[in-house]
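Asks: What follows is a predicted structure for the sequence shown.
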Amino acid sequence: MPADEAYFGKLTPPTENILRIANGAEPRSLDPHRSAGVPEGKIFKNTCEGLAEYDPRTLAPLPALALDWQTGDGAKSWVFRLRRDGRFSDGQKITAHDFVYSWRRIIDPNTASPYASLLYYVKNGQAIAEGRFRLAAAQGFVPDPKDPTHPLALGEDDLKDPAVAKLAAGRARVPYTPADLGITALDDYTVRVEMEGPTAFFPKMTPHYAFCVVPRQAIEKWGDRWSEPAHTVASGAFRVVEYTPYSQVVLAPNPHYWDRARVKLDRVYLLPVQETAQNANLYRAGEVDVITSGNLPPTLVRELRRYRDYQTGTWFNTYYYDLNVRRKPFTDLRVRRALNLAVDKRAIAEKFLGRGEQPATTFVPPGVAGYVPPAGPGYDPAAARRLLAEAGFPGGRGFPKITLYYNTQEAHRTVAEAVQRMWKQELGITVELQNEEWQTFQARRERRDYDIARDAWIGDYVDPSTFLALMAEDTLNNHPGWVDPRYSELLKRANAEADDTKRNALLREAEAYMLDQMPIVPVYFYSLFYLKKPWVDGWYPNLLDEHPFKFVRIDRSWRSPTVARTP
């Protein structure tokens, strides 16, 4: 095959150091505390930096705004030493006080951040986000800090206990505030983080943009308009210089970034194109350099596999359906189990998609060293029919009219139509399908205005808790609305367990229980599949599909043969 025919489409590198990316949906927000979508993440992870960043190959946490970190009390607290040359894009120094402000902002209930739950590992994070109350000293009385009842979070039910009521005498019941979050600036360049319990994996979480530093000076001046290109101030390697809705987001290097010498790109163009066929046409014509994972036409994947610019690998990502457990008939466990057992996940992965996906019977995808997920329920339509009959809907008779929502994309429609047919054929129930554009769909899921909704989750770090914690509490990312005290307690015990083997056993028990209660229907585990032009250097397949732009460059000499040096 001639060299040019080994690649898909035009092979003319850009004359400038620019990277053009087909990025999927239109971003919901340019404020990293206001959104949790994958398209937005490609922006935030490059404009907003935190204590650590991901190694582009291994995903190991690398020093970023923190030079190093250490713990000395069984991972119950961490101390991060900051670099002194960290700068926002307006030239202002980044200090420990900026981290305190940023973390308090994301955990503040008034911010309503969908990623606030990641800070639940930090002391008092959950209590603040949920608006809990605690006992405070009465006026003029300061209790001993070693007193185990200070501070003591109390609810109305707690005060019914006579012993607790006695402790409450002489104290006021006040709400937790962001100032109670377990993060402290020991000095201008040292951050101390207190955890709710031992959290040995905490440094692996800190590259996530939920832990990044945002510019207090811009937010206080411009309010909600601070993230507009005219006002935005970045802490990462890049900043947003242009945003044209439904057209493009343009990034340019942060001139004051501490690692500016490493940045080789002059511009990054992120195009919000949802039509996968259009993405393929743009790539073929040489108008984009990368089509991100999940944005290729399913019907073309088998053909694209023969080209050298088709990239694939393992992805820490699960595709599933949310069942609204707060709406009938999904309040009935038998209905939820029946719907799950009637879906032939292997057929969806291999026949209807065929892009390398693996059928999913669990929530946590493979890839975590030391963690073996439980054996989830498989495909059993006979058992599904018995359960539905037990629930009062034999053969689907009397089953209410329900709607399955998904965001506009060809692959989502393919899966939804397959599931619709399976439920009709195996259970006798009728399901209407409704597609919506990304932002409308996200908002619908968050307010739980649906019967069944498409969902997917990419791990924010390589640990089972990044998936299992989604349903530990009633948060914006807990789309099914399923909250179970037993499940939450198992996760709490797991996160307080310092021994990895014992912790994994508790996490496995928690996942097994959640799968038994079935608030979701796991469908498949994603596989990485994307197109990348051969001149895009520094973009590597990895488990989290993380590709920091600071490590990417345009290699216009990509055609030059590599000559091995003589030893």
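Replies: Nice, I can see it.

Asks: what's the domain layout of the chain?
Replies: What automatic domain parsing lists as the domains of the chain is 3-27+224-311+532-554, 49-216, 317-527.

Asks: closest one to Lys42 among the ones you listed?
Replies: domain 3-27+224-311+532-554 (5.7 Å; CB to CB). In short, each C-beta sits where N, CA and C put it, glycine included.

Asks: and Arg262, what does it touch?
Replies: Residues near Arg262 by CB atoms under 8 Å, 6 or more residues apart in numbering: Ala237, Lys550, Phe551.

Asks: just Phe551 next, same as before
Replies: Pro56, Arg262, Gly538.

Asks: from the residues you listed, which single one is nearest Gly376?
Replies: Pro56 (32.6 Å).

Asks: pretty sure that closest one is touching Gly538, no?
Replies: Yes - judged on CB atoms under 8 Å, Pro56 makes contact with Gly538 at a distance of 6.4 Å.

Asks: Spit out the residues that contact these two alike.
Replies: Contact criterion CB under 8 Å, 6+ apart; residues shared by Pro56 and Gly538: His547, Phe551.

Asks: out of the contacts of Arg262, who's nearest Arg225?
Replies: Nearest member of the contacts of Arg262 to Arg225, counting by CB to CB, is Ala237, at 23.5 Å.

Asks: My read is that the closest one contacts Lys550, right?
Replies: Yes - taking CB under 8 Å as the definition, Ala237 is a contact partner of Lys550 at 4.0 Å.

Asks: So between the two, which is more surrounded?
Replies: Ala237 (26 against 23; other CB atoms under 10 Å).

Asks: Now for the closest residue to Ala112 other than its chain neighbours: which residues touch it?
Replies: Closest residue to Ala112 apart from its sequence neighbours, by CB to CB, 6 or more residues apart in numbering: Leu476 at 7.2 Å. Neighbouring residues of Leu476 by CB under 8 Å, 6+ apart: Ala36, Ala112, Ser113, Pro114, Ala116, Glu446.

Asks: repeat for Ser247
Replies: Contact analysis of Ser247 by CB under 8 Å, 6+ apart lists Leu271, Pro272.

Asks: Okay, it and Arg503: tell me how far apart.
Replies: From Ser247 over to Arg503 the distance is 46 Å, taken as CB to CB, to the nearest Å.

Asks: again with Arg239
Replies: Going from Arg239 to Arg503 by CB to CB gives 39 Å.

Asks: ditto for Lys264
Replies: Taken as CB to CB, the span from Lys264 to Arg503 is 41 Å.

Asks: quick one, which of these two is more surrounded?
Replies: Ranked by neighbour count (other CB under 10 Å), Lys264 and Arg503 place Arg503 first, with 23 against 17.

Asks: that's a helix at the more buried one, yeah?
Replies: Yes - assigned with DSSP: H, G, I helix; E, B strand; the rest coil, Arg503 falls within a helix.

Asks: Leaving out sequence neighbours, find the closest residue to it.
Replies: In space, Arg503 is closest to Glu497, 4.1 Å off (CB to CB, 6+ apart).

Asks: And Gly428, by the same measure?
Replies: Nearest one to Gly428, counting by CB to CB, 6+ apart, is Gly396 at 2.7 Å.

Asks: what sits against that neighbour?
Replies: So Gly396 contacts Leu388, Leu427, Gly428, Ile429, Thr430 (CB under 8 Å, 6+ apart).

Asks: 7 Å instead, please
Replies: Gly396 makes contact with Leu388, Leu427, Gly428, Ile429 under the criterion CB atoms under 7 Å, 6 or more residues apart in numbering.

Asks: coming back round to it: closest one of the contacts of Leu476 to Gly91?
Replies: Once CB to CB is applied, the member of these that ends up nearest Gly91 is Ser113, at 27.1 Å.

Asks: what's the spacing between that closest one and Phe211?
Replies: 12 Å.

Asks: Repeat that for Leu470.
Replies: 18 Å.

Asks: Counting neighbours around each, name which of these two comes out higher.
Replies: Using other CB under 10 Å as the criterion, Leu470 and Phe211 rank with Phe211 on top: 26 against 20.

Asks: Now the more buried one: closest residue in space that isn't a chain neighbour?
Replies: Leaving aside its chain neighbours, Phe211 sits nearest to Gly50 (4.4 Å; criterion: CB to CB, 6+ apart).

Asks: got the contact list for the one you found?
Replies: Applying CB under 7 Å, 6+ apart, the residues near Gly50 are Ala64, Leu65, Thr206, Pro207, Phe211, Cys212, Val213.

Asks: repeat that with 8 Å
Replies: Gly50 makes contact with Ala64, Leu65, Thr206, Pro207, His208, Tyr209, Phe211, Cys212, Val213, according to CB under 8 Å, 6+ apart.

Asks: My understanding was that the third one contacts Leu51; is that so?
Replies: Yes - with contact taken as CB under 8 Å, Thr206 and Leu51 are classed as touching, separated by 4.5 Å.

Asks: Can you pick out the residue with more neighbours from the two?
Replies: Leu51 (27 against 23).

Asks: Show me what the nearest residue to that one once chain neighbours are set aside is bridged to.
Replies: What sits nearest to Leu51 in space, not counting adjacent residues and going by CB to CB, 6+ apart, is Ala66, at 3.9 Å. Using DSSP bridges, the bridge partners assigned to Ala66 are Leu82.
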